[in-house]
Structures are given as C-alpha cells and as structure tokens.
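K.L.:
Got a predicted model here, sequence first, then my questions.
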Amino acid sequence: MSIVKIKDKAKDFTLRDQNGKEIHLSDLKGKKVLLSFHPLAWTSVCALQMKSLEKNRERFEKLNTVALGLSVDTVPSKKAWAESLDIKNTSLPSDFWPHGRVADLYGIFSEKDGVSERANIILDEDQNVAFVKVYPRAQLPEIEEIIKVLEEMEIKE
C-alpha cells in the first residue's frame, strides 16, 4: 500500500487509547487531527516525540487540533509508558490489533519490522489529508514545523 497523499480522504478507524477510551476518527470531524505515528513505546526518540505532543497540547487546542500519538504497542504498555512520561492529557491510541492496521491504512506500516514508520499526518476539519511527512526513525520530528503548518491552515480558513 502506498502512503497517503495530500487531499486524500482520511481512512476512518477506531482504536483504544492508553486509558482504554475508544477513539473514533469520525467523531473528531470539525477539528484538525495530528496523527503522530511512532515506531515503539519505551524508546528515547518516541518518548521525546510524545512528550512534545503533551507539552504543546494548549497550542494544539488553540489551533482546533487534536493530537494523537499512535503506535503498535498494547494498551497496557501505552498506559504504563504514558504514566512513566507523565502524559496525562494526550491520547496515545494502540494500533496493536489487528497489528498495525491503521498505520497500514495510511501506508506507513513496515511489514519487515512490524512497526509503523515515524510520521506526522495532519487531517483538516473535513478529514482530508493536509500534510504528510515520514521521518528517519532515529529523527525527532520538529514540533514547530507542525505548529507552523497548523497555523497556516488557520489563516487559509
């Protein structure tokens, strides 16, 4: 499957986050959504990526954006990890079963490694893909780049 492209309609999904809460993408229509994929919990770059989502939560809210931190880890693992990172307000959905299905829907699942690529995908309020960037796995995505894209989307509205 190829990676999603700008203007593609977002693929709907339902996943449970670290607190067992069901996250339905379709319920977030009317808000921008940042799908921040990371390969695995309990790794340093992934931890920094998720902590940056938590740290910038208020900025996301002002930009009418919900940030989701997705990986193939199980719900209990994501819960323990979120607690260890002091993440209280950012939803970290588990794409564990069917394994990597959502990452696969968006074209960023690595069959070879069994994890998603590190990627940020921004959906507009109508759930169309507005931004896609895949990063080298060892690279921390620059949160200011994401904030800038979201701010530019606000200006266009």
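P.N.:
Thanks, I have the structure now. Numbers count the residues shown, from 1 in each chain.

K.L.:
rest of the way, CA atoms for contacts and neighbours
P.N.:
OK.

K.L.:
Show me what secondary structure element comes after the helix or strand containing Ile23.
P.N.:
Assigned by DSSP states H and E, Ile23 falls within strand 22-24. Downstream of strand 22-24, the next assigned helix or strand under DSSP H and E is strand 32-37.

K.L.:
which residues are contacting that following strand?
P.N.:
64-71, 103, 116-125, 127 (Cα atoms under 8 Å, 6 or more residues apart in numbering).

K.L.:
So which of the residues you listed belong to helices?
P.N.:
Applying DSSP state H to the contacts of strand 32-37, the entries found in helices are Ala103.

K.L.:
How about the lowest-mean-pLDDT helix or strand in the chain, which residues are buried there?
P.N.:
Taking mean pLDDT, DSSP states H and E as the measure, the chain has helix 143-156 as its least confident helix or strand, at a mean of 94. When neighbours are counted by 16 or more other Cα atoms under 10 Å, the buried residues of helix 143-156 are found to be Ile146, Ile147, Leu150.

K.L.:
And stretch 67-74, by the same measure?
P.N.:
Ala67, Leu68, Gly69, Leu70, Ser71, Val72, Asp73, Thr74.

K.L.:
In contact with the second one: list those residues for me.
P.N.:
Looking back up the chat, that one is Leu68. By Cα under 8 Å, 6+ apart, Leu68 lies in contact with Val33, Leu34, Leu35, Ser36, Thr90, Ser91, Leu92, Pro93.

K.L.:
ok, now with 7 Å
P.N.:
Counting by Cα atoms under 7 Å, 6 or more residues apart in numbering, Leu68 touches Leu34, Leu35, Ser36, Thr90, Ser91, Leu92, Pro93.

K.L.:
tally of neighbours for the last one?
P.N.:
Counted with other Cα atoms under 10 Å, the neighbours of Pro93 add up to 28.

K.L.:
Am I right that it is in contact with Ala67?
P.N.:
No: when contacts are counted by Cα atoms under 7 Å, Pro93 is not listed as touching Ala67 (10.5 Å).
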